[in-house]
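Chemist: coords below, sequence missing:
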């Protein structure tokens, strides 16, 4: 059986969640690997959520927010845009591949974009293989 | 003050003591006493003597100047006796000898049946009758003393001393206004005709009703041009206002008003085309902006609705240049939306006022997007307006051919025929961009709203919330939100009013349920959350040294909860525990 990645999607309520909804209502076919958790704003995403997801068995985490300038809460997505790259830097130091965490901007009208991002990320993670929280090293 | 009773032309009257006979006569409706030197704003002077009347007191009669003679108890005044008429005739003959060409003197002579003067005419071109109105007005009312009498006796004359006048004259034009013979004209004061540049867009007098439909429709005083604020004198309006409505001591006041909602309708400002030097605005007199043309074309405007060049003649050809400062990467990238249509309107107005005028429209695209707009454009094409597709490159007065001499030449690439063209015209109208007000940033900060990249105020959602802002209860309407025409502005303004009313009539404000709350026990008072809040909903409670969230302002985005290092802030309905368990749940 081929490896099916588990990806946790943290989607903002106003743009990306609606975008994902649009992908569904417009019957877009895309990888079923993302499991969505709704947050009000990408600014609500605590870095610990990502860590928690990876700890709990996710192979990747996708965070989606409104395009810069379109945030329902004016600039919550700007906060995400500063937090997530920092987190990725830290994860890299722990030996976790950068591709496992991804921050994207998806507006409510971009169902197609959401679908293609999910497809693309699923493929990337499939190639990376399953994520082992214990690093898979000697002690692993 | 006591009262005095007297008889004027067999009419018994009672007037205030201290009035002059002329004032008393006028107060009872006798206003055919001629005078050239009297002005109700000035002290009596008695220079022209034309107001001579016959008075009889205690059986003796004599002739006096009614403008200086005060009323007396029991005085009998005759303003039209034979003696009076004879005296006036002699006076008019003398004036006729002094200023034979003055219209007002000629009219008087005709009124009194005089054909010519018996006296010698020394200076046939003379116009000054030495009434002194100009000098007295300048000194007594204006307070400038720029004009004065010089010499004595037969050499007496009205004069200006250049070294004094240059500094003292404030160019108010009062002397020209009061001069009875037309000796002093505005042209003398300014040295040239008063046209575009002076008239401008401003009011033509210091006291004016701001605009035709002003509510309340009461006049205001322009602090910058009112003579009182320049010289401390004048206040004529205060003296003559019967209901005593004028008060020069009033000052600007700042009032604090508590309101439930705010509609921001601060509008736009006009792009200053002198920044684009190649169009010559400010260098060439006949390069004007659209608003200046609008002002000129307005019947209540500076030229009374006539379209005039700076030299006072009508233009025979006009070029209208579109997109000045808009759709231009160097200035404003956006389209100003209204210019195409008003430019087309100007073509129509020009054609109506100057039937054989040649009109050139130089455009990038014609955006006739509204109801009936395309039809209007088609109509103008039928009316013979020349449409040239291409943004004008330059306006110059350097002629290359004899036909171009004395004209403004517009250099333009006609992209429909693929050729450079030089188009000589008399007048150039620049359809300038609409841009955000210079103080938009200040206003945005004041009411806590944001601005889009072009500087206009940002609406909450471009399609679904076009007038709301990120701050509840603050609405943006009209051109402060982006360039728009009158119908759009009216629609938006109505929507803004309705939205505000809906909030007010409800009497209460619904707040979000999913807001953030601070656990005071856990909060360490680090203030990390305070600058993060886009709604300024978090403040620092000095008493307990913890952050305090204003529930009415919080929208529940959770940014603060995500950032709180001590986990003291909880985002209701999206608590950390809830999201963590969801993450666990989806991964099962």
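Modeler: The structure has been received and is ready for your questions. Please read all numbers here as calculations on a predicted model, not as lab measurements.
Chemist: chain A contacts on the stretch 301-450 of chain B?
Modeler: Residues of the stretch 301-450 of chain B lying close to chain A by Cβ under 8 Å from any Cβ of the partner chain are residue B:450. Glycine gets a C-beta too; all of them are placed from N, C-alpha and C.
Chemist: please disregard the earlier target; I meant chain B.
Modeler: Counting by Cβ under 8 Å from any Cβ, the residues of chain B close to chain A are B:450, B:452-453, B:470, B:514, B:532, B:534-535, B:555-559, B:561-563, B:571, B:574, B:576, B:579-580, B:582-584, B:586-587.
Chemist: just the buried members of those residues?
Modeler: Listed as buried from the residues of chain B next to chain A are B:450, B:470, B:532, B:534-535, B:555-559, B:561-563, B:571, B:574, B:576, B:579-580, B:582-584, B:586-587; burial here means 16 or more other Cβ atoms under 10 Å in any protein chain shown.
Chemist: in helices only, show me those.
Modeler: B:532, B:559, B:561, B:562, B:563, B:576, B:579, B:580, B:582, B:583, B:584, B:586 (DSSP state H).
Chemist: pLDDT for those - can I get that in TSV?
Modeler: Below are those laid out as TSV (pLDDT from 0 to 100):
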residue	pLDDT
B:532	92
B:559	93
B:561	94
B:562	93
B:563	93
B:576	93
B:579	94
B:580	94
B:582	95
B:583	94
B:584	93
B:586	93
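Chemist: remind me which residues of the stretch 1-150 of chain B are low pLDDT?
Modeler: Low-confidence regions of the stretch 1-150 of chain B, defined by pLDDT under 70, span residues B:1.
Chemist: which parts of it are helices?
Modeler: B:21-27, B:82-98, B:103-111, B:133-136 (DSSP state H, counting those that start in this stretch).
Chemist: okay, those helices, which one's buried deepest?
Modeler: Highest mean neighbour count among the helices of the stretch 1-150 of chain B (mean count of other Cβ atoms under 10 Å in any protein chain shown): helix B:133-136, with a mean of 23.
Chemist: which of the helices and strands in chain B ranks last by mean pLDDT?
Modeler: Lowest mean confidence among the helices and strands of chain B (mean pLDDT, DSSP states H and E): helix B:196-199, at a mean of 41.
Chemist: parallel or antiparallel, list what pairs with the helix or strand that that one is followed by.
Modeler: Elements were assigned by DSSP states H and E; along the chain past helix B:196-199, the next helix or strand is strand B:207-208. Strand B:207-208 pairs in its sheet with strand B:220-221 (antiparallel), by DSSP bridges.
Chemist: model confidence over the partner strand, on average?
Modeler: For strand B:220-221, the mean pLDDT works out to 86.
Chemist: contacts for that strand, please.
Modeler: The contact list for strand B:220-221, computed with Cβ atoms under 8 Å, 6 or more residues apart in numbering or on different chains, reads B:206, B:207, B:208, B:209, B:210, B:237, B:246, B:248.
Chemist: so among the residues you listed, where is pLDDT lowest?
Modeler: residue B:210 (74).
Chemist: where does residue B:413 land in three-state SS?
Modeler: strand (DSSP: H, G, I helix; E, B strand; the rest coil).
Chemist: mind listing what it touches?
Modeler: B:390, B:391, B:393, B:419, B:420, B:421.
Chemist: centre-most residue in chain A?
Modeler: residue A:62 (0.3 Å; Cα atoms, centre = their mean).
Chemist: that one belongs to a helix?
Modeler: No. Secondary structure of residue A:62 (three-state DSSP): strand, not part of a helix.
Chemist: please, where are all the helices along the stretch 201-350 of chain B?
Modeler: Under DSSP H, counting those that start in this stretch, the stretch 201-350 of chain B gives helices at B:228-231, B:236-240, B:290-297, B:339-353.
Chemist: got the contact list for residue B:145?
Modeler: With contact taken as Cβ under 8 Å, 6+ apart, residue B:145 is in contact with B:138, B:139, B:164, B:168.
Chemist: er, residue B:328 I mean
Modeler: Residue B:328 touches residue B:433, counting by Cβ under 8 Å, 6+ apart.
Chemist: switch the cut-off to 10 Å
Modeler: The neighbourhood of residue B:328, defined by Cβ atoms under 10 Å, 6 or more residues apart in numbering or on different chains, consists of B:271, B:276, B:334, B:364, B:391, B:433.
Chemist: can you check residue B:49 too?
Modeler: Per Cβ under 10 Å, 6+ apart, neighbours of residue B:49: B:35-37, B:63-68, B:87-88, B:90-91, B:94-95.
Chemist: tell me the spacing between it and chain A.
Modeler: 80 Å (Cβ to the nearest Cβ, to the nearest Å).
Chemist: residue B:25 against residue B:77, yeah?
Modeler: Yes. Counting by Cβ atoms under 10 Å, residue B:25 does reach residue B:77; the two are 7.2 Å apart.
Chemist: identify the contacts common to these two.
Modeler: The contact lists of residue B:25 and residue B:77 share B:8, B:9, B:11, B:13, B:53, B:66, B:71, where a contact means Cβ under 10 Å, 6+ apart.
Chemist: just the buried residues out of these, in ChimeraX syntax.
Modeler: The ChimeraX selection below is limited to those of those classed as buried (16+ other Cβ under 10 Å):
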select /B:8,13,53,66,71
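Chemist: for chain A, which spans come out with low pLDDT?
Modeler: Counting by pLDDT under 70, chain A contains low-confidence ranges at A:1, A:135-140.
Chemist: if we can go back for a sec, ok, the contacts of residue B:413 vs chain A, which is closest?
Modeler: Closest to chain A out of those is residue B:391 (29.3 Å), distances taken as Cβ to the nearest Cβ.
Chemist: which residue sits closest to that closest one, ignoring its sequence neighbours?
Modeler: Leaving out its chain neighbours, the residue that sits closest to residue B:391 by Cβ to Cβ, 6 or more residues apart in numbering or on different chains is residue B:364, at 5.3 Å.
Chemist: what do you get for residue B:282?
Modeler: Nearest residue to residue B:282, sequence neighbours excluded (Cβ to Cβ, 6+ apart): residue B:274, at 4.1 Å.
Chemist: give the contact list for that neighbour.
Modeler: B:280, B:281, B:282, B:283, B:287, B:289, B:430.
Chemist: lowest-confidence entry in those?
Modeler: The model is least sure about residue B:282 among the contacts of residue B:274, giving it 88.
Chemist: and the pLDDT at whatever residue of the stretch 401-550 of chain B ends up closest to chain A?
Modeler: Per Cβ to the nearest Cβ, residue B:534 is where the stretch 401-550 of chain B lies closest to chain A, at 3.8 Å. At residue B:534, the pLDDT value in this model is 87.
Chemist: again, but for the one 10 residues further on
Modeler: Looking at residue B:544, its pLDDT is 91.
Chemist: give the contact list for it.
Modeler: Residues in contact with residue B:544 (Cβ under 10 Å, 6+ apart) are B:518, B:520, B:523, B:525.
Chemist: now with 7 Å, please.
Modeler: By Cβ atoms under 7 Å, 6 or more residues apart in numbering or on different chains, the residues touching residue B:544 are residue B:520.
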